[in-house]
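> sequence plus the predicted model coming up.
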Amino acid sequence: MNKILTTLLILTTSASLLAAEGFSSLEEQMNGKEYTAAGLDKLTPQELAALNEWIRGRSLATLDAPKAGTAAAAAASSTEDKRGLKDDDDDEDRTTITSNLVGKFNGWDGQTTFKLANGMIWSQKDKDKFYTKEIENPVVIIEPGMFGTWKLHIEGFNSQCRVERIQ
């Protein structure tokens with residue numbers, strides 16, 4: 001009975017706070033069995049809220065995107081760098097991209113999303129893992145690979161992963 005009350009309290013608190021931001025919390029996304037199997041029922045409300053906040057901060061749904069219909073968005077779309085985006089054009093620009101990652105970097109884990117300072121967002125396509133000491137805003141180089149693929153590596157490191165552009 002105590003677990004049910006705790007879960008309901010968490011659901012109502014988290015749902016009201018996060019729904020306004022367009023984010024579905026773990027409680028909203030999982031059924032009861034999944035929630036228990038993941039051990040989330042053992043977390044305090046504060047720990048669960050912190051976990052949801054961590055996930056929300058890394059969710060693609062909450063990444064900044066230009067607002068459609070604005071003059072700035074219209075101007076940006078005409079000069080937007082489309083390298084790596086999938087479209088029907090066969091004459092895609094396949095030149096190397098050099099920028100900085102936004103924020104802290106400590107490697108990739110097979111599901112990493114890379115937000116670049118130039119506005120591009122890339123997602124890891126392979127399941128490779130690479131970990132390093134945390135660094136801030138490192139230089140990232142994305143080079144074209146074979147068969148339309150792209151490879152990302154961080155300046156100063158020998159590891160690379162296959163990526164695809166998602167925005």
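Received, thanks. All of these numbers come straight from a predicted model, not from anything done at the bench.

> domain ranges for the chain, per the record?
As assigned by automatic domain parsing, the chain contains the domains 2-62, 88-165.

> of the ones you listed, which is nearest residue 81?
Closest to residue 81 of the domains of the chain, according to C-beta to C-beta: domain 88-165, at 6.9 Å. Backbone N, C-alpha and C define where each C-beta goes, glycine included.

> any regions of this protein where pLDDT drops low?
Along the chain, the model assigns pLDDT under 70 to residues 1-24, 28, 57-79, 87-92.

> so which residues of it form strands?
97-100, 104-108, 113-115, 121-124, 130-136, 139-144, 150-154, 160-165 (DSSP state E).

> buried set for the fourth one?
Within strand 121-124, the residues scored as buried using 16 or more other C-beta atoms under 10 Å are 121, 122, 124.

> before we move on, the earlier item: in JSON lines, list the domains of the chain along with distance to residue 80.
Below are those laid out as JSON lines (distance: least, C-beta to C-beta, whole Å):
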{"stretch": "domain 2-62", "distance to residue 80": "18"}
{"stretch": "domain 88-165", "distance to residue 80": "8"}
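
> out of those, which comes closest to residue 82?
Of all the domains of the chain, domain 88-165 comes closest under C-beta to C-beta, at 7.1 Å.

> for residue 140, state which of the buried residues of strand 121-124 is nearest.
Closest to residue 140 out of the buried residues of strand 121-124 is residue 122 (8.6 Å), distances taken as C-beta to C-beta.

> hmm, residue 114 and that closest one touching each other?
Yes - between residue 122 and residue 114 there is a contact under C-beta atoms under 8 Å: 4.5 Å.

> shared neighbours, those two?
Taking C-beta atoms under 8 Å, 6 or more residues apart in numbering as the contact rule, residue 122 and residue 114 both touch 152, 163.

> wait, residue 162 sits on residue 125?
Yes - with contact defined as C-beta under 8 Å, residue 162 counts as touching residue 125 (4.3 Å).

> reformat the buried residues of strand 121-124 as a markdown table; add distance to residue 110.
Output for the buried residues of strand 121-124, formatted as a markdown table (distance: C-beta to C-beta, whole Å):
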| residue | distance to residue 110 |
| --- | --- |
| 121 | 17 |
| 122 | 14 |
| 124 | 6 |
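
> before we move on, the earlier item: turn the strands of the chain into a markdown table, including distance to residue 40.
Shown next, in a markdown table, are the strands of the chain (distance: least, C-beta to C-beta, whole Å):
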| stretch | distance to residue 40 |
| --- | --- |
| strand 97-100 | 35 |
| strand 104-108 | 24 |
| strand 113-115 | 23 |
| strand 121-124 | 25 |
| strand 130-136 | 25 |
| strand 139-144 | 34 |
| strand 150-154 | 32 |
| strand 160-165 | 30 |
